[in-house]
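Enquirer: Make a model of this:
(one chain, ligands or ions: 1)
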Amino acid sequence: MSFTADTLLLFGATGDLAKRMLLPSLCALDADKLLPETLRIVGTARSPMSDAEYRNFARAALEKYLPAERRGGMADFLNRLHYQPNDVTHPEGFAKLAEQVGDSRHRLAIFLSTAPSLFEVTIEGLERAGLGGEGVRIGLEKPLGLDLASSREINDAVAKCFPETRIFRIDHYLGKETVQNLLALRFANVFFEPLWNATHIGHVQITVAETVGLEDRAEFYDHTGALRDMLQNHILQLLSLVAMEPPASYDPTAVRDEKVKVLRALRPVRDGESVTGQYRGGAIGGAIVPGYDDELKRDSGTETFVALKAHIDNWRWQGVPFYLRTGKRMHERVTEIVVQFRNVPHSIFGNARMKPNRLVIGIQPEENITLSLMAKVPGLDRDGIALRPVPLDIAMPDAFTGAHRRIAYERLLLDLIEGDQTLFVRRDEVEAQWAWIDGIRAQWKSEALEPKPYASGSWGPSAAIALAERDGVSWHE
Ligand code: NAP
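Expert: This is a model prediction of the structure:
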């Protein structure tokens, strides 16, 4: 059912994500007059607070996490906020939530920003309180499980009350402007698509590198590791957007049908096609940082780095490796996609050094697109023509001056409120992602693969460099 929500019910309203991302995103949307005029936001968590206390809590979060120039009309935004304490493990508390929601149960958006272990009891409580009907849609934060089996359990629990058309699974990378721009680049320009295949593309690289270590997620991270924390979701979503066939329209079913086909076509990773690592002490940006086991205060076999050589078994991508890597405590914070084209079939320029064209899509920290083209070096060419790659740069903030750089959650929260599922992950996608990742973990177990140490501030273990170099490929750094 298509509707714009009257109320947003936010579980986990006192948590870190609410403070850093959700409240700032909602306030920024309001400042730009993008929230429905009458939208109420009801926060809930266990902490006892009145509406006034929650508004103070939210004000402090906004002052800390939202730049002043995006906080216009903050007082009006704070007036939209209400708070209802509720422990989701106590079923009787949901009646009070239902009272708060009132008639907007017929036009309600719910966002679960709590640990997924609480999803099942929360959904049971919502259903019993009459907050699961046709006019209710639900957004779910990651992680959706730790493997295919646990992901199915969560999905089954949610599906008891909500049909797929009312479930909005978040992967916040899909809310990023450049990620959406990837679709515009591929499908709103005529010249990429004919070249976007194994005949013209040599390989693709996707890197998500962080400089941070464990922060305050030590226990969670040590149970999860880089493969499941980053690659299973964000990197595979990026890969599916790069590799998908053109959908018939920009519509949730058409786009997600094409993405899931890619995820299902991923070939199981074989022996020697993956490298894992764990950071040791080192220096990042001139600061000395401790190793993983020092931060964790015990030994651990969890990987903080993973590099894979992936293949997509379909006609378009046969023989094109996708090199994927992610890690913590890396040399710099960067998320980018590199599409490396093949060399021209024949050089007419004799011995001139040719370099194949390369498209680099920067997602973080800068949003930009760079296409490297070969050009003639100016001169009279007495010794033959000299060529050099030159970048054709599109820095998104320059190309669209006046547009804000938005928090990814702004887009996703607004889509949840308005009911557009295009940028949310469908159940079959999550499960295809997990099926492939479970295969990799089984492979690691059979290989008895141990994470290789790497110095903080580096680009990961040298074996990751060798993984690409064996094929004559260098990581883009
Ligand atoms: P958090 O800081 O630990 O917050 C958890 C929230 O859940 C708090 O509001 C807590 O409030 C509430 N809560 C805990 N137990 C509850 C219960 N029994 N009944 C009702 N409310 C309860 O976690 P977070 O970092 O905000 O993360 C929330 C979710 O988003 C997690 O699944 C996390 O993995 C995911 N996530 C977080 C980030 C991030 O940057 N933080 C990024 C990606 C995904 P009270 O203590 O007041 O009850």
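
Enquirer: Point out the residues in this structure that sit beside the ligand.
Expert: Within the chain, the positions lying close to the ligand (C-beta under 6 Å from any ligand atom) are 12-18, 45-47, 87-89, 113-116, 118, 141-143. In short, each C-beta sits where N, CA and C put it, glycine included.

Enquirer: One more pass at 8 Å, please.
Expert: Neighbours of the ligand within the chain, by C-beta under 8 Å from any ligand atom: 11-21, 44-47, 85-89, 112-116, 118, 122, 141-143, 170, 172, 217, 220.

Enquirer: Now list the buried members of the residues you listed.
Expert: For those, burial is judged from neighbour counts taken by 16 or more other C-beta atoms under 10 Å, and it is met by 11-15, 17-21, 44-45, 85-86, 88, 112-114, 116, 118, 122, 141-143, 170, 172.

Enquirer: Which members of those residues are positioned in strands?
Expert: Using DSSP state E, the subset of these located in strands is 11, 44, 112.

Enquirer: Let me have those residues in TSV, extended by distance to residue 310 and pLDDT.
Expert: Below are those laid out as TSV (distance: C-beta to C-beta, whole Å; pLDDT from 0 to 100):
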residue	distance to residue 310	pLDDT
11	35	98
44	41	98
112	31	97
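
Enquirer: and the spatially closest residue to residue 344 that is not a sequence neighbour, what does it touch?
Expert: The shortest distance from residue 344 to any residue that is not its chain neighbour, by C-beta to C-beta, 6 or more residues apart in numbering, is 6.4 Å, and that residue is residue 354. Applying C-beta atoms under 8 Å, 6 or more residues apart in numbering, we find residue 354 in contact with 343, 344, 347, 374, 387.

Enquirer: Just the buried residues out of those, in ChimeraX syntax.
Expert: What follows is the ChimeraX syntax for the buried subset of these, where burial is set by 16+ other C-beta under 10 Å:
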select :374,387
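
Enquirer: if we take the contacts of residue 354, which one ends up nearest to residue 411?
Expert: The shortest distance between residue 411 and any of those, using C-beta to C-beta, involves residue 374 and amounts to 36.7 Å.

Enquirer: hmm, which helix or strand of the protein has the shakiest average pLDDT?
Expert: Every helix and strand of the chain was ranked by mean pLDDT, DSSP states H and E. The lowest is helix 396-399, at a mean of 69.

Enquirer: helix or strand right after that one?
Expert: Per DSSP states H and E, helix 396-399 leads on to helix 408-418 as the next helix or strand towards the C-terminus.

Enquirer: What is whichever helix or strand comes after that following helix packed up against?
Expert: Following helix 408-418 in sequence order, the next helix or strand is helix 427-447 (DSSP H and E). For helix 427-447, the helices and strands in contact under the criterion 3 or more C-beta pairs under 8 Å, 6 or more residues apart in numbering; DSSP states H and E are helix 148-159, strand 167-169, helix 236-243, helix 252-264, strand 274-284.
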